[in-house]
Structure formats: structure tokens, C-alpha cells
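> the following block contains a protein sequence and its predicted model.
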Amino acid sequence: MWRRLGTAAVAAIALVAACTTTKPTIEAPAPPSVAVLSARIVGVSEGKASLSLTLGLSNPNDFDLPVDALACEVTLDGRPAANIQSVHVEPLPAHGNAKVDLAGRVDIVVVATSLMALGSEVPVAYTLKGTVTLRNGIALPFSRKGDIPVARFDRALGVHP
């Protein structure tokens, strides 16, 4: 009797488990790749410079990314220089590219210290680290590292003896 009851209980549990639906796992989208297209200082006041930054974003996913906001931190030579947030972000098309304009404030002391490296002809290292937040609340991290070469400044400012 106990054996039959045990077999019936196991069969009932197996039947219930087989009938339950499982939620499909939703994978987070791949983060977009980020490139710095331009940076401009648009004004200076109280030891801070207003910065306008344009980033190029590339969507590696097979679907559009409905972007709600973009925020990032910029460092120069390992020193925090600016926190920047999006002004306006359009949806990022599948396998497409878009430009995003950002605005923020830069600490002039950090910029001046980094620019002093130009005299020694050493490139200025920068990092750009942040998140793209989608309308559904998913935050996709991104980061970019690079060097600002001295030669670029020489061309922009002319050759100096």
C-alpha cells in the first residue's frame, strides 16, 4: 500500500512539474561600442569648463536599442576630469550607428595638469567609462581608453620652437 501511494505521489509530482511553464530567459543586449567624435569647451566659469562631447555609438545587436539616457565619466592621466550626461538620445538602430551629444563640466585644474604633459611631448591618457540606460531600465556598461597624442595638438596650434 505504501509503495502504491509513493508511486502515485511521484507520478503526480512529475505530472505537475511537466505541466508547469518555465519563463524563457531573456538575455541582456550587447552594449554598444563607443568612439569619441569631438570634444569642445564652450565656456569657463568658477574653475570649471562647460564641455560639449559628441560620441559615436554602434549597435552590435539584431534589434533596435531604445536608449533612455547615457552617462559617463572622463579621466585624464588617471584623474577624474568630468561627469557627463546625455542631452538627447534617439533609439539606436539594429547594426546601425548614431551620434550622441553630451554636456558636462570639466575640472580645469585636471585639464591644465594633463596639458602640461604636452611640453614633455608625452601623450595624455584618457578613459571614458559609463552606461547606456535603456527605456526598460537595463543599464549597459561601456568603456574606452586611449591616448591624446601630442602631434594632434601641434597640428592644431601650429609648430612651436
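Ah, there it is. This one's a predicted model, so the numbers in the text were calculated from it and none came from an experiment. Numbers count the residues shown, from 1 in each chain.
> low-confidence stretches in the chain?
1-27, 87-88, 110-122, 148-161 (pLDDT under 70).
> in it, which spans are helices?
2-19, 108-115, 150-157 (DSSP state H).
> can you give me the strands for this protein?
33-45, 48-58, 67-76, 79-88, 97-107, 124-134, 139-148 (DSSP state E).
> reformat these as CSV; add mean neighbour count.
Just so you know, the C-beta spots here come from the backbone N, C-alpha and C atoms, and that holds for glycine as well. Output for the strands of the chain, formatted as CSV (neighbours: other CB atoms under 10 Å):
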stretch, mean neighbour count
strand 33-45, 13
strand 48-58, 18
strand 67-76, 19
strand 79-88, 16
strand 97-107, 17
strand 124-134, 19
strand 139-148, 14
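> doesn't A49 make contact with G43?
Yes. Between G43 and A49 there is a contact under CB atoms under 8 Å: 7.0 Å.
> for N83, which residues make a bridge with it?
Residues in a beta bridge with N83, per DSSP bridges, are E73, R105.
> can you tell me how far it is from A28?
Distance, N83 to A28, by CB to CB, to the nearest Å: 24 Å.
> please apply the same query to V106.
31 Å.
> and if you look at P60?
Computed with CB to CB, the distance linking P60 and A28 is 13 Å.
> likewise R79?
Separation of R79 from A28 (CB to CB): 31 Å.
> ok, now S38?
Going from S38 to A28 by CB to CB gives 30 Å.
> noted, bye for now.
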